[in-house]
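Colleague: Show me how the following folds:
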Amino acid sequence: MNTETFHFQLNGRTLTVNVPFIPAVVCTDKFCPKPLLMGTAGTVTDINGETKDEFLNDCRKQIIGMSASGAEDSLLDTHIAGLMAVIMDHLSRHGRLIFGDLLIYMDIFSLLLEGDGYPEDEIRKAYPKVLQTITNLYPDYIFNTEDLTPFKGGHYESILSTLQSSPTPTSL
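Modeller: All right, here's what the predicted structure looks like:
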């Protein structure tokens, strides 16, 4: 597996994101808890990712959301504002959010946080908490990837709840 480095500008700072890639796929799942990783056939896989063009587009959208947010309270608040801007845009365009897409947005949020100097251990702790908050905010709009059933009350919601109750979320 090779690694590629990307640089993004945010309010005069350079965010450097290093991601592994395999042919045609940028692996985004560095911080995603392993139990949440899924494949297209409803099986758990060891990677989550998207094409390079999709990855760059999703990163740029979050950067634009962060720049436009005006959230200057903390580094984390600025990044959360970018994540929420992308989620709201997705919901306004599609009327729903597939859980796999939400994981990609969370992965990119986490990689951009790391690229902005946020500590890895704090990102790993924040990932399931932020994800749980989002699924609680939009329970009627998030659907399981495999069968498009509601996320609420489903298998992955129970996995996420379990991750929330464990002292240290598991990750890759």
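
Colleague: Least confident secondary structure element in the chain?
Modeller: Taking mean pLDDT, DSSP states H and E as the measure, the helix or strand of the chain with the lowest value is helix 155-165, at a mean of 81.

Colleague: Show me what that helix is packed against.
Modeller: Helix 155-165 makes packing contacts with helix 120-137 when contacts are defined by 3 or more Cβ pairs under 8 Å, 6 or more residues apart in numbering; DSSP states H and E. C-beta here means a position set from N, CA and C on the backbone, and glycine is covered the same way.

Colleague: what does the following helix or strand past the helix it packs on rub up against?
Modeller: In the C-terminal direction, the helix or strand that comes right after helix 120-137 (DSSP states H and E) is strand 142-143. Taking Cβ atoms under 8 Å, 6 or more residues apart in numbering as the criterion, the residues outside strand 142-143 that touch it are 96-99, 102, 134-135, 149-152.

Colleague: Quick check: PyMOL command selecting the buried ones in these.
Modeller: Of the contacts of strand 142-143, the buried ones can be selected in PyMOL as follows, counting by 16 or more other Cβ atoms under 10 Å:
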select buried, resi 97+98+99+102+134+135+151
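
Colleague: Just flag the most distant two among the contacts of strand 142-143.
Modeller: Ile134 and Thr149 (18.0 Å; Cβ to Cβ).

Colleague: What's the mean pLDDT across the top helix by length along the chain?
Modeller: Using DSSP state H, we find that the single longest helix of the chain is helix 75-94. For helix 75-94, the mean pLDDT works out to 93.

Colleague: Same check on stretch 8-19?
Modeller: pLDDT averaged over stretch 8-19 equals 92, rounded to a whole number.

Colleague: so the helix or strand harbouring Leu111 versus helix 75-94, what angle?
Modeller: Assigned by DSSP H and E, Leu111 belongs to helix 99-115. For helix 99-115 and helix 75-94, the angle between their directions (axes from the mean of the first three to the mean of the last three Cα atoms, to 10 degrees) works out to 150 degrees.

Colleague: could you list every residue that touches the residue nearest in space to the middle of the chain?
Modeller: For the chain, Met106 is the residue whose C-alpha lies nearest the centre (Cα atoms, centre = their mean; 1.0 Å). With contacts defined as Cβ under 8 Å, 6+ apart, the neighbours of Met106 are 31-32, 83, 127, 130-131, 134.

Colleague: re earlier: only alpha carbons, please: show the helix holding Leu111 as PDB.
Modeller: The C-alpha atoms that make up helix 99-115 are tabulated as PDB, following Å, rounded to 0.1, in the frame of the first residue of the first chain:
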ATOM      1  CA  PHE A  99     -24.300   5.600   6.900                       C
ATOM      2  CA  GLY A 100     -21.400   4.700   4.700                       C
ATOM      3  CA  ASP A 101     -21.300   8.300   3.400                       C
ATOM      4  CA  LEU A 102     -21.400   9.600   6.900                       C
ATOM      5  CA  LEU A 103     -18.400   7.500   7.800                       C
ATOM      6  CA  ILE A 104     -16.500   8.900   4.900                       C
ATOM      7  CA  TYR A 105     -17.400  12.500   6.000                       C
ATOM      8  CA  MET A 106     -16.200  11.500   9.600                       C
ATOM      9  CA  ASP A 107     -13.000  10.000   8.200                       C
ATOM     10  CA  ILE A 108     -12.200  13.200   6.300                       C
ATOM     11  CA  PHE A 109     -13.100  15.300   9.300                       C
ATOM     12  CA  SER A 110     -10.600  13.200  11.400                       C
ATOM     13  CA  LEU A 111      -7.900  13.300   8.800                       C
ATOM     14  CA  LEU A 112      -8.200  17.100   8.500                       C
ATOM     15  CA  LEU A 113      -8.100  17.400  12.300                       C
ATOM     16  CA  GLU A 114      -4.900  15.400  12.300                       C
ATOM     17  CA  GLY A 115      -3.500  17.500   9.400                       C
END
